[in-house]
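*Asks:* How does the following fold in three dimensions:
(2 chains)
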Number of protein chains: 2
Amino acid sequence: MKHLVDLTFKHEHPSSVLESALYTLNAPSKLIRYQLVHTLCEDLGLCETHANLFGLALECVHAYSLIHDDLPSMDNDTIRRNQPTNHLVYGEATALLAGDGLLTKAFDLIAHSGYNDHVKVELIKLLSRKAGLSGMILGQQLDMEFEKQDITMDDYVKMSALKTGQLFAAALMGAAIISNDETRLSHYQVLGENFGVAFQIQDDLLEVTSDAQSIGKSLSDANNNKKTCVTIIGVEASIAYLNDLFDDIEQQFSYLGLVGSKTHQLIESLKARKK
Amino acid sequence: MKHLVDLTFKHEHPSSVLESALYTLNAPSKLIRYQLVHTLCEDLGLCETHANLFGLALECVHAYSLIHDDLPSMDNDTIRRNQPTNHLVYGEATALLAGDGLLTKAFDLIAHSGYNDHVKVELIKLLSRKAGLSGMILGQQLDMEFEKQDITMDDYVKMSALKTGQLFAAALMGAAIISNDETRLSHYQVLGENFGVAFQIQDDLLEVTSDAQSIGKSLSDANNNKKTCVTIIGVEASIAYLNDLFDDIEQQFSYLGLVGSKTHQLIESLKARKK
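*Replies:* Numbers count the residues shown, from 1 in each chain, chains lettered A, B, ... in the order given. Alright, predicted model coming up:
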């Protein structure tokens, strides 16, 4: 992805806001959204004629959401991707603008990609809804509002499916659109959402079993009175819930005829992640 | 525009972040960017078969930039569009997310509009560049950085052409794209940028000759040590510079064969604006 970033950001005017945007985007990370697009396109037999600009666009959206989420008015975090959070290095105002810039860049990348116009439009429709006011942003808002109230496991699942699941769903659905597999979009959506909830539960479990250095970000949930799967149903029930979710995910791979595929292997490899 | 907002936001999930976004978007305002798209499409003879969703998208981008610009970490303003700023009503975190949501919505609107796929892609290319890291956002960044240094009139013009001019340019260039007048895009760009600088100088003059109630927003430039045209060259020279700019704008209308057009009349009507 570093190569693509170098290529696609090189026309941008040098500035501290550009530097701030690249500080978070280029920090070593798992790049799961990028990888999901890449592996599913391969699994669906797409001849890789285009650079994975949709995957890069998703990573831009993810990086923007991290920068804004870490701001003092949100979670006020100090470590992200094993380095000081963006606003601690560049100041709050520049971090805010860098986030805005990354979000804008995501759509720039898709519009300037090598996909045909119809695919570009479908990808932008998809991303703008998944990342928008009824998608990821709503999930962030619920996450904040839940700090001030008691919630049920249903509330938690809804919030996680929005906050984390929508971008995973966008990755899989986008790969399907690029690969002309549009008839099964709703199945990719469910798979992405389930994986998002599972991923969030993993994060919640790591928060209580790890230290900041191992997972590369602040352990701030308790300080922020965040509702996590662990605070709602406890560690053991969270592990059981997670295992059930991964069973469901297995069944979805089976239904999609993608057992043993690269995408399946990618998600399998993340089952036991420690950060 | 209210009608379009009602139609296009109705599928969004009700939430406080949606309410916060609409609070600023729907507050009475001049809607210049929306009007520029509308009038130029009419002037270029476009049969109005589509709702002006590109104009609405530009107003979403403008509203997001106002919400983020007013935040405590930026200008820390208290009045905007004759009402308390967004974060004073909804809190900083929700205001931040509402801005993110409006920016995302802008691309959603274009992608879901009735324009054909080619036009949609061209409009998204245009908007993402004009509003992006080398466009409006760079202008905002320069505006902040200039608070801490002495600047020349050239610096000021560059900053204003980015911060205010790029969205005006996007409005005119977008209307030209929609109306199949793409051969003259560079002229619309210059016209938009010049009008943006003129508009910014007007704002700077109003800041020293008006009160907050008349112009409907905080008079915070002096408190923020903002570099304005007036602080750089004084009131009289600013008025002279403004008149020269409007003379240039007249010549551009003449060159484009649009003297007396609705777009020309719109800009004429804004020459003597008091807010």
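*Asks:* From what I see, A:Tyr241 and A:Gly234 are in contact.
*Replies:* No. Look at A:Tyr241 against A:Gly234 with C-beta atoms under 8 Å: they stay out of range, at 10.2 Å. Backbone N, C-alpha and C define where each C-beta goes, glycine included.
*Asks:* need the contact list for whichever residue of the stretch 151-275 of chain A sits closest to chain B.
*Replies:* Nearest to chain B in the stretch 151-275 of chain A, going by C-beta to the nearest C-beta, is A:Leu162, at a distance of 9.1 Å. For A:Leu162, the contact set (C-beta atoms under 8 Å, 6 or more residues apart in numbering or on different chains) comprises A:135-136, A:138-139, A:142.
*Asks:* can you rerun that using 10 Å?
*Replies:* Going by C-beta atoms under 10 Å, 6 or more residues apart in numbering or on different chains, A:Leu162 touches A:130, A:134-143, A:193, A:196-197, B:13.
*Asks:* Any of those residues buried? List them.
*Replies:* Neighbour counting over the contacts of A:Leu162 (16 or more other C-beta atoms under 10 Å in any protein chain shown) leaves A:130, A:134-143, A:193, A:196-197 as the buried ones.
*Asks:* Give me the subset of these that also touch chain B.
*Replies:* Near chain B, taking C-beta under 10 Å from any C-beta of the partner chain as the test, the members of the buried ones among the contacts of A:Leu162 found are A:130, A:134-138, A:140-142.
*Asks:* Pipe these into TSV and attach pLDDT and secondary structure per row.
*Replies:* What follows is these, written out as TSV (pLDDT from 0 to 100; DSSP: H, G, I helix; E, B strand; the rest coil):
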residue	pLDDT	secondary structure
A:Lys130	98	helix
A:Ser134	98	coil
A:Gly135	98	coil
A:Met136	98	helix
A:Ile137	98	helix
A:Leu138	98	helix
A:Gln140	97	helix
A:Gln141	97	helix
A:Leu142	97	helix
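*Asks:* contact partners of stretch A:249-258?
*Replies:* Contacts of stretch A:249-258 (C-beta under 10 Å, 6+ apart): A:39-40, A:43-44, A:172, A:176, A:181, A:184, A:187-188, A:190-192, A:194-195, A:197-198, A:259-261, A:263-264, A:267-268, A:271.
*Asks:* okay, that stretch in PDB with CA atoms only?
*Replies:* Taking Å, rounded to 0.1, in the frame of the first residue of the first chain, the C-alpha atoms of stretch A:249-258 are listed here in PDB:
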ATOM      1  CA  ILE A 249     -18.700 -16.700   9.600                       C
ATOM      2  CA  GLU A 250     -17.600 -20.300   8.600                       C
ATOM      3  CA  GLN A 251     -21.100 -21.100   7.400                       C
ATOM      4  CA  GLN A 252     -21.200 -17.900   5.300                       C
ATOM      5  CA  PHE A 253     -17.900 -18.900   3.600                       C
ATOM      6  CA  SER A 254     -19.400 -22.300   3.000                       C
ATOM      7  CA  TYR A 255     -22.500 -20.800   1.500                       C
ATOM      8  CA  LEU A 256     -20.500 -18.500  -0.700                       C
ATOM      9  CA  GLY A 257     -18.300 -21.400  -1.900                       C
ATOM     10  CA  LEU A 258     -15.200 -19.700  -0.600                       C
END
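*Asks:* What segments of chain A are strands?
*Replies:* A:79-80, A:83-84 (DSSP state E).
*Asks:* so which of the ones you listed is the most packed in?
*Replies:* Neighbour counts averaged per stretch over the strands of chain A are highest for strand A:79-80, at a mean of 20; criterion: mean count of other C-beta atoms under 10 Å in any protein chain shown.
*Asks:* re the thing from before, tell me the predicted confidence for the residue of the stretch 151-275 of chain A closest to chain B.
*Replies:* Per-residue confidence (pLDDT) for A:Leu162: 98.
*Asks:* and if you look at A:Asn224?
*Replies:* Taking A:Asn224 on its own, its pLDDT is 78.
*Asks:* now do the one 4 residues further on
*Replies:* As predicted, A:Thr228 sits at a pLDDT of 92.
*Asks:* Look up how far A:Asp203 lies from it.
*Replies:* 8 Å (C-beta to C-beta, to the nearest Å).
*Asks:* Give me the common contacts of the two.
*Replies:* A:160, A:221.
*Asks:* quick one, phi/psi of A:Gly260?
*Replies:* Per-residue torsions, A:Gly260: phi 80, psi 0 (degrees, to the nearest 10).
*Asks:* Including distance to A:Tyr34, could the ones next to chain B among the buried ones among the contacts of A:Leu162 go into a markdown table?
*Replies:* Shown next, in a markdown table, are these (distance: C-beta to C-beta, whole Å):
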| residue | distance to A:Tyr34 |
| --- | --- |
| A:Lys130 | 15 |
| A:Ser134 | 24 |
| A:Gly135 | 19 |
| A:Met136 | 16 |
| A:Ile137 | 21 |
| A:Leu138 | 24 |
| A:Gln140 | 21 |
| A:Gln141 | 26 |
| A:Leu142 | 26 |
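*Asks:* Compute the number of surrounding residues for A:Leu102.
*Replies:* 28 (other C-beta atoms under 10 Å in any protein chain shown).
*Asks:* Around the residue nearest to it when sequence neighbours are not counted, count how many other residues there are.
*Replies:* Distances taken as C-beta to C-beta, 6 or more residues apart in numbering or on different chains place A:Tyr64 nearest to A:Leu102, at 3.8 Å, with adjacent residues excluded. When neighbours are counted by other C-beta under 10 Å, A:Tyr64 registers 25.
*Asks:* so what's A:Tyr64 up against?
*Replies:* A:21, A:24-25, A:98-106, A:131, B:100, B:103.
*Asks:* A:Leu4 now?
*Replies:* Contact partners of A:Leu4, counting by C-beta under 10 Å, 6+ apart, are A:34, A:51-53, A:55-56, A:59, A:109.
*Asks:* can you tell me how far it sits from A:Thr263?
*Replies:* Applying C-beta to C-beta, the value for A:Leu4 to A:Thr263 is 20 Å.
*Asks:* ditto for A:Ser20
*Replies:* 33 Å.
*Asks:* same thing with A:Asp77?
*Replies:* From A:Asp77 to A:Thr263 the distance is 30 Å (C-beta to C-beta).
*Asks:* Between the two, which has more neighbouring residues?
*Replies:* For A:Asp77 and A:Thr263, the more surrounded residue by other C-beta under 10 Å is A:Thr263, and the numbers stand at 26 against 23.
*Asks:* rewinding a little: pull out the buried residues from the contacts of stretch A:249-258.
*Replies:* By 16+ other C-beta under 10 Å, the contacts of stretch A:249-258 give A:39-40, A:43-44, A:172, A:176, A:181, A:184, A:187-188, A:190-192, A:194-195, A:197-198, A:261, A:263-264, A:267 as buried.
*Asks:* Only C-alpha atoms, please: export stretch A:62-76 in CSV.
*Replies:* Output of stretch A:62-76 as CSV, limited to C-alpha atoms (Å, rounded to 0.1, in the frame of the first residue of the first chain):
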residue,chain,number,x,y,z
HIS,A,62,-10.3,4.1,8.4
ALA,A,63,-7.3,6.4,9.1
TYR,A,64,-9.5,9.5,9.1
SER,A,65,-11.9,7.9,11.6
LEU,A,66,-9.0,7.0,13.9
ILE,A,67,-7.6,10.5,13.8
HIS,A,68,-11.0,12.1,14.6
ASP,A,69,-11.9,9.4,17.2
ASP,A,70,-8.6,10.0,19.0
LEU,A,71,-9.2,13.8,19.4
PRO,A,72,-9.7,15.2,22.9
SER,A,73,-13.4,15.9,22.3
MET,A,74,-13.8,12.2,21.4
ASP,A,75,-11.7,9.5,23.1
ASN,A,76,-8.7,11.7,23.9
